[in-house]
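*Asks:* How does the following fold in three dimensions:
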Amino acid sequence: MKYFILTTILFFYLIQLNGCMMMHGGMMGKSHSSHTQAEDNVKPIVKDATIGDYHLVAEFPSLVQHSETKFSLKIILPNESLWTNAHVRIKISEGKENEIDEVLSPSNEGKYEYSFPVHEKGLYTIAFVVEQLDESLLKMPIILSSEQTVQEMKHKNTGDNETSLWYYVGGVAMVAMMVVMMGRIF
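*Replies:* Below you'll find the model as predicted:
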């Protein structure tokens, strides 16, 4: 009977130990979802300018290697509606190479948007160039730009062997300590 009680108590301690370790990141370290959540919380770079009655707001999200990034430009009128009769270009360059220069049309939402897939690491310059706001050309184009560096994507191994080993060693030490303490009680 003594061994049955000892085994039952040990079993419940092991369940508690597993719950405790899971609260601190699990047996294998922190989950992958916390890493991607941190990346999603990065706010885009916002540049704006006011020309007469027009307020221009450009958003430049961070470039991530091997994924597509969508840049957007809104031209806002004083009544908060979006102006869609402008002549807007997007220019993207990596140094002097791979230059993109395209005329943009407004989306159904009234924004000027461009999706850009990033495959190579390096320094990129992204620029919205507004050449015309209404029927007349501007004397000088309005340029809202951002420079961003793309690093090579590094895969983090959140369940590395060293961390896992210490969780197991700590778990075994806690079980051994509980067995010794329970032996003194009985």
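
*Asks:* Please enumerate the strands of this protein.
*Replies:* In the chain, the segments counted as strands under DSSP state E are 45-51, 54-60, 67-76, 87-94, 97-104, 112-118, 122-132, 137-150.

*Asks:* Nearest to residue 168 among the ones you listed would be which one?
*Replies:* strand 67-76 (35.5 Å; Cβ to Cβ). In short, each C-beta sits where N, CA and C put it, glycine included.

*Asks:* What residues of that closest one count as buried?
*Replies:* 69, 71, 72, 73, 74, 75, 76 (16 or more other Cβ atoms under 10 Å).

*Asks:* taking the strands of the chain together, which one is wrapped up most tightly?
*Replies:* Highest mean neighbour count of the strands of the chain: strand 54-60, a mean of 20 (counted as mean count of other Cβ atoms under 10 Å).

*Asks:* Need the residues that contact that one.
*Replies:* With Cβ atoms under 8 Å, 6 or more residues apart in numbering as the test, strand 54-60 has contacts from 44-50, 71-77, 83, 126, 128, 130, 133, 142, 144, 146, 148.

*Asks:* any idea how far residue 123 is from the closest residue in space to residue 62 that isn't next to it in sequence?
*Replies:* Counting by Cβ to Cβ, 6 or more residues apart in numbering, residue 62 lies nearest to residue 42, which is 5.1 Å off, once chain neighbours are set aside. Going from residue 42 to residue 123 by Cβ to Cβ, to the nearest Å gives 18 Å.

*Asks:* and residue 134, what does it touch?
*Replies:* 85, 86.

*Asks:* And it, how far from residue 72?
*Replies:* Applying Cβ to Cβ, the value for residue 134 to residue 72 is 21 Å.

*Asks:* Excluding sequence neighbours, find me the nearest residue to residue 51.
*Replies:* Using Cβ to Cβ, 6+ apart and skipping the chain neighbours, the partner closest in space to residue 51 is residue 142 (6.1 Å).
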